[in-house]
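*Asks:* Provided below are the primary sequence and the corresponding predicted coordinates.
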Amino acid sequence: MQAWPPGQAPQQGMHAWLPPGQVQQAWPPLEFGPPTRSGPVGDWPPPTTQPVPGPEPAAAAPEPAASVTAVATLERPEPIPSEALDHPVFFDPAPAVAWWHKQRGALRGRIVSLVLSLVIWAALWWFTREPDNALGWQWGPLSWWIAGISVGVSVLMIVWAAVQFRRAKRAVAALHEGLALGIGRGGLYLDDTLVRWPDLAGLDVHPGRLGGSARLVVRTASGANHTLPLDHLAATPASIDGAIRALSGGRAWLDLTRLDD
């Protein structure tokens, strides 16, 4: 056991290990909690030689040319007047689509027929070009005329089928699902326009041209005309005429006299 010099008492507590005569250092009180960058225990984490780059600021989004409210206001369609919806008539695109399929098939058939005609006439010319052929018939000027007329007719039929196919395609593109004609006590509503009964000049039904649909022509007092394809509506002309007579109080009706021409 170590003998301490006279007049020096052994140090007690946690600093008893200090040699005799060494001044005891004052240690700051311990603090509990998560380490911070600066505090009594030093910097944490230790500083690095190069600063860590932070995230790049996001680019500012461009301001829209118009507000969402303004765009919604521009794109919102005008409401349909309730006074013209007592008897709504909707589009029925099924007949127009069926006509388009029919004309497309006819055009394809005409093209195939022309190709077959050319092959047949080319084969006849090949086997009859020599006088002493197996068929006993020589190709001559009359044969060229017959072949030319046959091919010409086939070409004309293709042109006609192409015109009909084009008209059928336009008819389908012009249709849409939804309201076609609104009939009410306030008037007629079509093409986003309300035609009141006093402003109506007449309702004429025209027959279809070149196999197309019959047309309902709505004439107004201002001279503007609106046209609807009758064959592509979900209502018959008789039901449309009855609704117009009833809701207009007998002031308007369909003029069907042109259908007899």
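*Replies:* Structure's in. What do you need?
*Asks:* Please tell me the pLDDT value assigned to I146.
*Replies:* For I146, the pLDDT comes out at 92.
*Asks:* Name the next helix or strand following whichever strand or helix holds it along the chain.
*Replies:* Element membership of I146 [criterion: DSSP states H and E] is helix 141-174. Later in the chain than helix 141-174, the nearest helix or strand by DSSP H and E is strand 179-184.
*Asks:* contacting residues around that next one?
*Replies:* The set of residues external to strand 179-184 that reach it, using C-beta atoms under 8 Å, 6 or more residues apart in numbering, is 80-91, 188-190, 216, 228, 233-234, 240, 243-244, 247. In short, each C-beta sits where N, CA and C put it, glycine included.
*Asks:* let's go with 6 Å and repeat that
*Replies:* When contacts are defined by C-beta atoms under 6 Å, 6 or more residues apart in numbering, strand 179-184 is touched by residues 83-91, 189-190, 228, 233, 243-244, 247.
*Asks:* Please pick the buried ones from these.
*Replies:* 84, 87-89, 91, 189-190, 228, 233, 243-244, 247 (16 or more other C-beta atoms under 10 Å).
*Asks:* quick one: which of those residues is nearest V159?
*Replies:* L228 (29.4 Å; C-beta to C-beta).
*Asks:* Help me confirm that that closest one is found in a helix?
*Replies:* No: L228 sits outside any helix when classified using DSSP: H, G, I helix; E, B strand; the rest coil, being strand.
*Asks:* For it, list each beta-bridge partner.
*Replies:* On the basis of DSSP bridges, L228 is bridged to L216.
*Asks:* Pretty sure L216 is one of the things it touches, is it not?
*Replies:* Yes: using C-beta atoms under 6 Å, L228 makes contact with L216 at a distance of 4.5 Å.
*Asks:* Just give the closest residue to G109, not the sequence neighbours.
*Replies:* Distance criterion C-beta to C-beta, 6 or more residues apart in numbering; nearest residue to G109, sequence neighbours excluded, is A161 at 7.9 Å.
*Asks:* For that neighbour, give me its contacts.
*Replies:* 106-107, 110.
*Asks:* Give me the distance between it and P229.
*Replies:* 21 Å (C-beta to C-beta, to the nearest Å).
*Asks:* One more: A235?
*Replies:* 12 Å.
*Asks:* do I240 as well
*Replies:* Distance of I240 to P229, given as C-beta to C-beta: 13 Å.
*Asks:* on that earlier part again, tell me the one of the contacts of A161 nearest L116?
*Replies:* Using C-beta to C-beta, the shortest approach to L116 within these belongs to R110, at 10.8 Å.
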